[in-house]
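Trainee: task: produce atomic coordinates for the following.
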Amino acid sequence: MESEGVSLPLIHGHVMMPLNDDMRKGACCGRSEFTSGGYHCESCDFFVHKKCVDESSEYIEHPSHSVHTLKLVSKPRNRCNLCYKSIVDLCYRCEICEFDVDLYCVKYPPPEVIDISETHHHKLTLLKEHSHFHCDANCWEVGNYEFSYRCHECDLAFHVDCVWNPPEAKNLLEVNHSHHPLHPLKLYIGQPPEYSDGKCRFCARKIYDKKFYHCSACNFSLDKRCLLNPPSQDVLDLKIHAHQLIFRPRLDSFTCNACGLSGDRSPYICVQCDFMIHQGCFALPRLININRHDHRVSRTSVLGVVNSVCGVCRQKVDWTWGGYSCQKCPHYVVHSKCATRKDVWNGKELEGIPEETEDIAPYVVIDDNTIQYFSHKEHYLRLHVNDHRWEENKRCSACTHPICFQSFYSCLDCDFILHQNCAEFPRKRWHVLHNERLTLATSKADYFHCTACDRLSNGFIYHCGDMKLDVLCGSISEPFVHPSHPHHPLYYIPPAEGKQCNGCNRWSSLVLTCIESGCGFFLCFNCATLPQVVKHRVEDHPLSLCYGEKASGKYWCDICEKETNPKMWFYTCKEHRASLHTKCVLGEFAGLMPGSTLTYSRRSYEVVRNNSMSRPFCRGCESHCMYPIILKMLGTLDRYICSLNCIDGFWYPKNVSGMEFWYPKNVSDM
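Mentor: The predicted structure is shown next:
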C-alpha cells in the first residue's frame, strides 16, 4: 500500500510524501543527522526531517535573541547568526533585527566554550568571526567564512560540527552494535585511519562523511547510514534462495551466485548450499525488458549449460552462476549487472504484468503484391521489383533517399513511395541507444536532428521522449554487419571516452565496435548508414562507396576540387576514375525530402534539388552550390543556401525597440 501525502503548510506549499532516508541533508536544518526519516516533495526535490518538522512551530522565543519573537521563514542562502553556516532553506528570523537562526542551532546552540578532552587536551573557544580556515579535525574540508572553534594555545581551528556534539542529538560517542558484539564502536571524526580500506564494512561504500564509527582492534568501520539501518541477521525469501540466508559481516573474498561477480565483504550465505550473494543482489528484478533484445529476459540462479556470451558486454558467460536468459531464445543470456545497467534496463520490474501483445507489424497484406501501410491507410501500395533502374525523382517517404536498384512499394493513387525494406521496419522496436521502446511515426515537425548521426531529416522517425532517430539509424540492431568490415560483426559497447571512426576519422562517443581482440575497428552511426550506391551530376555512372585504399600520390575531388585522403572513405565511379568526398556527394540536406518546406533560424525554406543546368549561387558562402539537395528561401527566385553553416553566416540578429529581428548580412539581400 502506498503512503499517503501529508500537508505541512508551515514548511512547504505542496503535499509531501513520507521518505525513510536517515542520511539525507534536510532543507530544514541543513544537516544530515540521525533522524527517523522525513518528508519529500518530488516536484521540488524538497526534503525535511520528520524530527525537525515535529519540533517546529510558527513562532518561538529563544535565549539567543530574547528581545523579540522569532518566526519560521524560508531564507535560503542567508547565514545563521549563531554558527554562520549557510541556511539551506528554513530558519527562525527576527524581521526587526534581521537576525536568523537555523533550526539546528535553535535546538543545539553552540556554546561559547567546549571541553573535548577525549580528542584534545585544551578547551576550545567559539570564534564568532567569519573566516577562511583549514579544519584540524582532518575532515578534508576547508572552512569557508564560517564560525569556528579555536584552541589559542595550539593555534588550531575546527568546524563547529566537527567538535560540537550535543548529548541530546544522537551523536553518540560510543555504541554497541549487534553485528559487532566483541567491542563497542567509537565515533571517529576525520578521515578513516590509514590502515583501513576507508570503506564501510556492510555496504562497501567509500566513507566520505567526516563522522563514522570504528573499532580499531578489529579494523571495523561503519558509516552512519549502516549504523542506523543494519542488514537483517537472516533472510528467508524463496525468490532469492530456497533456504534461509545468514548475514556474515566479515572481510572475505567470494563470488556472488546471483551475479557471478566477486565481492570482498559481508555476504549473505546459505550453509547448506555454499550459496553466497551480495546484499545489493537481493534487489535484482525477476523479469525485465532490455534494449538489446526483443523478448523479455528473466533472472535465474543458475544459467545452466550454455556456450554463449553476454548479450550486452559480449564477454563470456560462466553458466554456473546466475544471470538473465530468454525463454524464447535458448542461447541468449546476459550477466546480471549488464542487464540491470541504467543504459540497458528502464528500471521496470515486469513480474506479474502481462506481456504486450500489440501488433507491431507496419502493414496489412492485401495480396501477394499489395499492402496497406499503417501511415497511409487511405490507399493501397503496390510492390514493384526494381533491379536495374535509378529513379532519382522517386524518393522513399521513410528514409527520403532515391529509389535506386531496389524493389519498392508505390501508392496506386498518389506519389507515396517506400523502399521494400523501409516498409518492413516494425512500428515499435528496442534500440541500443535507448532503454525504452521506440515508436515509428511520420515526423510532425519540419525536420529533426537524428540523435545518433546528427543528420537533418524530415522522413520517418523512431522516437521516445528526447530520443529521435531517423529510420536508417533506428533500424540498426546487433549484431551489425557492415560491408567495410565483413569478417567481424559490430556491437554497441559504450566507450569510456570517444573513439575515432574508421570511416570519417572523426571522434564520437556513439560508435559501433568490433569486439575481436586487437581489431580496433570503430564505426560512427553516420558512416554506418551511408548509402552504398548514389548518383551525382559529375558522373554519368552510379557512384559506389569505397572504404579507403592504400595509395600514393595526390587525389582530388571532382566536386569541390580539393585534395582527398584515399585512406578515408570516399565515393568512386565504376571505372574507379574518381575519389569524391562523401560530404560533397551527399551534402548536409540528403535526409530532407525535395519539395518539402522547413523553418530554420526563423526563416522558411523550400527543399529543392540542385539539378539546373548551372549551379545556383549560395547567399551564405557566396559560391556556387555543389550539393545535390539545397534550400531556397520561400518567396524568392534566386536566394539559395547550401549548408547549415551558410544559414548561420547569412543572417545576423538586430535588436529594434526591444525586439529581435534577423537581417541578411549582405545589404543587397534586404
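
Trainee: mind listing the helices for the stretch 251-400 of the chain?
Mentor: Using DSSP state H, counting those that start in this stretch, the helices of the stretch 251-400 of the chain run over 336-339.

Trainee: now swap in the stretch 501-650 of the chain and tell me
Mentor: 525-528, 582-586, 644-650.

Trainee: please enumerate residues in contact with the second one?
Mentor: The reference is to helix 582-586. 504, 530-531, 534, 536, 543, 545, 557, 559-560, 569-571, 626-628 (CB atoms under 8 Å, 6 or more residues apart in numbering). Backbone N, C-alpha and C define where each C-beta goes, glycine included.

Trainee: let's see that with 7 Å instead.
Mentor: Helix 582-586 is contacted from outside by 530, 534, 536, 543, 557, 559, 560, 569, 570, 571, 626, using CB atoms under 7 Å, 6 or more residues apart in numbering.

Trainee: quick check: phi and psi on the first one?
Mentor: According to degrees, to the nearest 10, the main-chain angles of residue 530 amount to phi -60, psi 140.

Trainee: measure it to residue 399 for me?
Mentor: As judged by CB to CB, to the nearest Å, residue 530 and residue 399 stand 12 Å apart.

Trainee: before we move on, what about the last one?
Mentor: Going from residue 626 to residue 399 by CB to CB gives 23 Å.

Trainee: these two: which is more packed in?
Mentor: residue 399 (24 against 20; other CB atoms under 10 Å).

Trainee: that one touches residue 473, doesn't it?
Mentor: No: look at residue 399 against residue 473 with CB atoms under 7 Å: they stay out of range, at 10.3 Å.

Trainee: before we move on, the earlier item: most neighbours out of the contacts of helix 582-586, which is it?
Mentor: Highest count within the contacts of helix 582-586 by other CB under 10 Å belongs to residue 571, 26 neighbours.

Trainee: per-residue confidence at that residue?
Mentor: The predicted local distance difference test score for residue 571 is 92.

Trainee: in contact with the residue lying closest to it once chain neighbours are set aside, which residues?
Mentor: By the measure of CB to CB, 6 or more residues apart in numbering, the closest residue to residue 571 outside its immediate chain neighbours is residue 543, 4.1 Å from it. Residue 543 makes contact with 533, 534, 535, 536, 571, 572, 573, 580, 585 under the criterion CB under 7 Å, 6+ apart.

Trainee: report the separation between residue 543 and residue 499.
Mentor: Distance from residue 543 to residue 499, by CB to CB: 28 Å.

Trainee: now whichever strand or helix holds residue 437: buried residues?
Mentor: Element membership for residue 437, per DSSP states H and E: strand 434-442. Residues 434, 435, 437, 438, 440 are the ones in strand 434-442 that count as buried (16 or more other CB atoms under 10 Å).

Trainee: low pLDDT regions in the stretch 551-670 of the chain?
Mentor: Along the stretch 551-670 of the chain, the model assigns pLDDT under 70 to residues 551-552, 576, 649-670.

Trainee: now do the strands in it.
Mentor: Ranges of strands in the stretch 551-670 of the chain, per DSSP state E, counting those that start in this stretch, are 555-556, 563-564, 570-572, 597-600, 603-609, 629-633, 640-641, 651-656, 659-664.

Trainee: partners of the first one in the sheet?
Mentor: Take DSSP bridges as the rule and strand 555-556 pairs in its sheet with strand 563-564 (antiparallel).

Trainee: list of residues touching the strand it pairs with?
Mentor: 554, 555, 556, 557, 570, 579, 581.

Trainee: ok, now how distant is the nearest residue to the third one once chain neighbours are set aside from residue 618?
Mentor: What that stands for is residue 556. Take residue 556 and drop its neighbours on the chain: the residue closest to it by CB to CB, 6+ apart is residue 563, 5.9 Å away. Noted for residue 563: a distance of 22 Å to residue 618, by CB to CB.

Trainee: neighbour count winner among the two?
Mentor: residue 618 (22 against 12).

Trainee: what values do phi and psi take at the nearest residue to that one once chain neighbours are set aside?
Mentor: Computed as CB to CB, 6+ apart, the closest residue to residue 618 that is not its neighbour in sequence is residue 642, at 4.4 Å. For residue 642, the backbone dihedrals are phi -110, psi -10 (criterion: degrees, to the nearest 10).

Trainee: so what's residue 642 up against?
Mentor: Counting by CB under 7 Å, 6+ apart, residue 642 has contacts 618, 621, 625, 627, 630.

Trainee: at 6 Å instead, please
Mentor: With contacts defined as CB atoms under 6 Å, 6 or more residues apart in numbering, residue 642 is in contact with 618, 625, 627, 630.

Trainee: then residue 122?
Mentor: Neighbour list for residue 122: 151, 153 [criterion: CB under 6 Å, 6+ apart].

Trainee: if you set the cut-off to 10 Å instead, what comes out?
Mentor: By CB atoms under 10 Å, 6 or more residues apart in numbering, the residues touching residue 122 are 115, 116, 150, 151, 152, 153, 154, 156.

Trainee: nice, that's everything, thank you.
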